[in-house]
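**Student:** Pasting a predicted model and its sequence here:
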Amino acid sequence: MTHPYYKELEDKAFLERGTKTVTDHRGNEVLVTGSLYKGSLTGYGEYTDRNGHKFFAYFNDDKKHGVCRVDQASGIRQVGCFFQGQYHGPLSFWHSSNQVENVYFERGNELRRGGRTSADRAFYGREGEIVKAKENDWEQYVTR
C-alpha cells in the first residue's frame with residue numbers, strides 16, 4: 001500500500017522506478033531499488049544489507065523516513081520508525097515465538113527497551129500496522 005504523500009507523486013507520474021546506492025543508518029553503502037524523484041529516493045524502496053537483513057522502507061531525500069520493516073537473517077522481524085535516516089520513536093521486534101520486544105528511540109539513540117511481551121502490547125504489528133505506537137503513555141510498553 002502506498003503512503004498517501006507518495007501516492008499523489010505516483011498519480012502525477014513524478015516518480016520513476018530505479019536503483020541508487022546510498023549510505024544507510026549504519027554508515028554502509030547499500031543499493032536500493034525503489035521510487036526516485038529527480039534522482040533522489042522518494043517513496044517506497046527495498047534493499048538487503050551486507051548482513052542479509054532485508055529492508056522494506058519509505059525514503060525521503062535518499063534517507064529512510066517513516067515506518068520501516070526489516071526481516072533479519074535470524075528470522076526476527078522488526079517494524080519501527082525512521083526520521084531523516086535515524087531510528088526515531090517506537091520500534092517492535094517480533095520473535096519467532098510471536099512475542100514482541102519494544103524499543104523507543106530518539107534521533108538514533110535508544111531511550112528504553114522492554115523485555116519480551118505479548119503481541120497485543122506491540123508498538124507495531126508484524127506487517128507495520130499500528131498497535132500501540134500512537135499511545136500517549138508509550139513508556140508502559142517498554143518496561144520490564
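**Tutor:** Now that the structure is in, tell me what you want to look at.

**Student:** so what's Phe82 closest to, chain neighbours aside?
**Tutor:** Lys64 (3.9 Å; Cβ to Cβ, 6 or more residues apart in numbering). Every C-beta, even on glycine, is put in place using the N, C-alpha and C of the backbone.

**Student:** Is the one you found within a helix or a strand, and which one?
**Tutor:** Here Lys64, judged by DSSP states H and E, is contained in strand 63-71.

**Student:** Can you show me the CA trace of the next helix or strand after that strand as CSV?
**Tutor:** Using DSSP H and E, the helix or strand that follows strand 63-71 in sequence is strand 77-83. Output of strand 77-83 as CSV, limited to C-alpha atoms (Å, rounded to 0.1, in the frame of the first residue of the first chain):
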residue,chain,number,x,y,z
ARG,A,77,11.2,-9.1,12.1
GLN,A,78,11.4,-5.5,13.3
VAL,A,79,9.0,-2.7,12.5
GLY,A,80,9.7,0.8,13.5
CYS,A,81,10.1,4.5,12.6
PHE,A,82,12.9,6.4,10.9
PHE,A,83,13.2,10.1,10.8
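
**Student:** helices or strands up against strand 77-83?
**Tutor:** If contacts are counted by 3 or more Cβ pairs under 8 Å, 6 or more residues apart in numbering; DSSP states H and E, strand 77-83 sits against strand 63-71, strand 86-94, strand 100-106.

**Student:** would TSV of those strands with mean neighbour count, mean pLDDT and distance to Arg17 be doable?
**Tutor:** Formatted as TSV, the helices and strands packed on strand 77-83 follow (neighbours: other Cβ atoms under 10 Å; pLDDT from 0 to 100; distance: least, Cβ to Cβ, whole Å):
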stretch	mean neighbour count	mean pLDDT	distance to Arg17
strand 63-71	19	94	18
strand 86-94	22	94	26
strand 100-106	21	94	30
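
**Student:** Can you check which of those strands gets nearest to Lys54?
**Tutor:** Shortest distance between Lys54 and these, using Cβ to Cβ, is found for strand 63-71: 4.5 Å.
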